[in-house]
Each structure stands twice: as structure tokens, then as C-alpha cells.
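Student: What follows is a predicted structure for the sequence shown.
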Amino acid sequence: QVQLVESGGGLVQAGGSLRLSCVASGSISTINFMGWYRQAPGKQRELVARISSSGTTNLADSVKGRFTISRDNAKNTVFLQMNSLQPEDTAVYYCAAEGIRITPWATIGPFWGQGTQVTVSS
């Protein structure tokens, strides 16, 4: 199977920065999409940013201009650089991998990481 392991969360003051990383491991040939979602207390999980294997990105309007998503296909790793963090960015951030090709004729997913807490103090 596939496992996703996130790192890089923590506590930061408003205006600060954090960089999240997520590594996918397992029987993986390629990963079509990798991305980050977040869930704040009492709210539904929402898309933060998503990137295709060719580098096409999709960011939520609330983070455009502040967050950047990138990936290293050779290492099955995705990054989320978060700048100008605000208290409303406080949430558990989850890494996701979609369209994981394990054989020439089979893809699986999505798979999720365990989540990493990001807390932004005012």
C-alpha cells in the first residue's frame, strides 16, 4: 500500500512562515496529483493547494499570493510553503495523493497522511 508522512507543522506568530513536507512511500510508479487540505475545528476539510505531476497548480482563493505548492516527482514529495500566515490559517493540514499508478493498468487512491497541526497566534 501507500503511506504519506507529513512534517513541518508547528506554532508561529501571525505574519510568519512555515514549510510543510509530505513524502509518499510504497509500491508507487507515479502519482498524478498531490495536494494539501486543511480542517479547522468545527469546519469541513477544504482544499488548500493541489499540484499535478506536470506541475499545474490549483490554490484556494484564501491562500493565493501567500502559499506556494511544489513537488519533487523523483522523491514522491510535495511541499507547501506558507508565508504571511494568519490566525484563520490555523488547522490540521493533511497531505493527499491521488491517482497513484502502481502498475501500467492500475491506479489507486486517494491516500491521506495523518495530518500536521499548524497554529498561528495573533
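Tutor: The structure has been received and is ready for your questions.

Student: what sits up against stretch 101-111?
Tutor: 1-4, 24, 27-32, 96-100 (CB atoms under 8 Å, 6 or more residues apart in numbering). Glycine gets a C-beta too; all of them are placed from N, C-alpha and C.

Student: Can you tell me which of those residues has the lowest confidence score?
Tutor: Among the contacts of stretch 101-111, residue 1 carries the weakest pLDDT, at 83.

Student: got the contact list for residue 43?
Tutor: So residue 43 contacts residue 91 (CB under 8 Å, 6+ apart).

Student: Oh, that last question was meant for residue 86, not what I typed.
Tutor: Residues counted as contacts of residue 86 (CB under 8 Å, 6+ apart) are 14, 120.

Student: Quick check: pLDDT value at it.
Tutor: Reading off the model, residue 86 has pLDDT 98.

Student: circling back: buried ones from the contacts of stretch 101-111, can you make that a ChimeraX selection?
Tutor: Burial among the contacts of stretch 101-111 is assessed by 16 or more other CB atoms under 10 Å; the matching ChimeraX selection reads:
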select :2,4,24,28,31,96,97,98,100
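
Student: so which of the contacts of stretch 101-111 comes closest to residue 77?
Tutor: Lowest distance from residue 77 to the contacts of stretch 101-111 (CB to CB) belongs to residue 24, with 7.4 Å.

Student: So which residue is smack in the middle of this protein?
Tutor: By CA atoms, centre = their mean, the mean C-alpha position of the chain lies nearest to residue 36, the distance being 2.5 Å.
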